[in-house]
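Asks: quick check, what structure comes out for this input:
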Amino acid sequence: GVFNDFDLVSTEDGTTRTEHTGSLPFMALDLLYPPGLEGQRKYTYQHDVESFIWVLTWITHCYDNGTLHATDHPLDEWLKADGSQCKNEKLSFVEGM
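Replies: Residues are numbered from 1 along each chain as shown. Okay, here's the model as predicted:
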């Protein structure tokens, strides 16, 4: 079989979909500000790179020897937040480093 993901596909006339897909805890910060959440930011490869860094951050802080910390790991709030709150949680995390 063939697997295709057409979520962010461009059409022949150059139009693209405006909404962005992804899990909030791993989205680039730029996309968590109101213009990004409203689909008004152009999605670039830099967003994918930053998203990958957030995934690595999550894995290194929430897992120990391949086992997920049971509860109360420092990034739990990222899962419970809406876009704006998630942005604030992530900024606080970076500032605290």
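
Asks: show me the helices in this protein, by range?
Replies: Using DSSP state H, the helices of the chain run over 34-37, 45-62, 76-80, 83-95.

Asks: can you lay out those helices as JSON lines showing mean pLDDT, distance to residue 22 and mean neighbour count?
Replies: For the C-beta atoms, the positions are set from N, CA and C on the backbone; glycine is no exception. Compiled in JSON lines, the helices of the chain are given as follows (pLDDT from 0 to 100; distance: least, CB to CB, whole Å; neighbours: other CB atoms under 10 Å):
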{"stretch": "helix 34-37", "mean pLDDT": "88", "distance to residue 22": "11", "mean neighbour count": "15"}
{"stretch": "helix 45-62", "mean pLDDT": "91", "distance to residue 22": "7", "mean neighbour count": "14"}
{"stretch": "helix 76-80", "mean pLDDT": "85", "distance to residue 22": "13", "mean neighbour count": "15"}
{"stretch": "helix 83-95", "mean pLDDT": "92", "distance to residue 22": "11", "mean neighbour count": "15"}
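
Asks: what are the phi and psi values at the residue most central in space within the chain?
Replies: The residue lying closest to the centre of the chain (CA atoms, centre = their mean) is residue 27, at 1.4 Å. Backbone torsions for residue 27, taken as degrees, to the nearest 10, come to phi -80, psi 150.

Asks: will you turn the helices of the chain into TSV that also has distance to residue 69?
Replies: Listed next are these as TSV, based on distance: least, CB to CB, whole Å:
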stretch	distance to residue 69
helix 34-37	29
helix 45-62	6
helix 76-80	9
helix 83-95	16
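
Asks: so which of the ones you listed gets nearest residue 68?
Replies: Nearest of the helices of the chain to residue 68, taken as CB to CB: helix 45-62 at 6.1 Å.

Asks: so what's the closest residue to residue 91 other than its chain neighbours up against?
Replies: Leaving aside its sequence neighbours, residue 91 sits nearest to residue 29 (CB to CB, 6 or more residues apart in numbering; 7.1 Å). Contacts of residue 29 were listed using CB atoms under 8 Å, 6 or more residues apart in numbering, and they are 50, 87, 90, 91.
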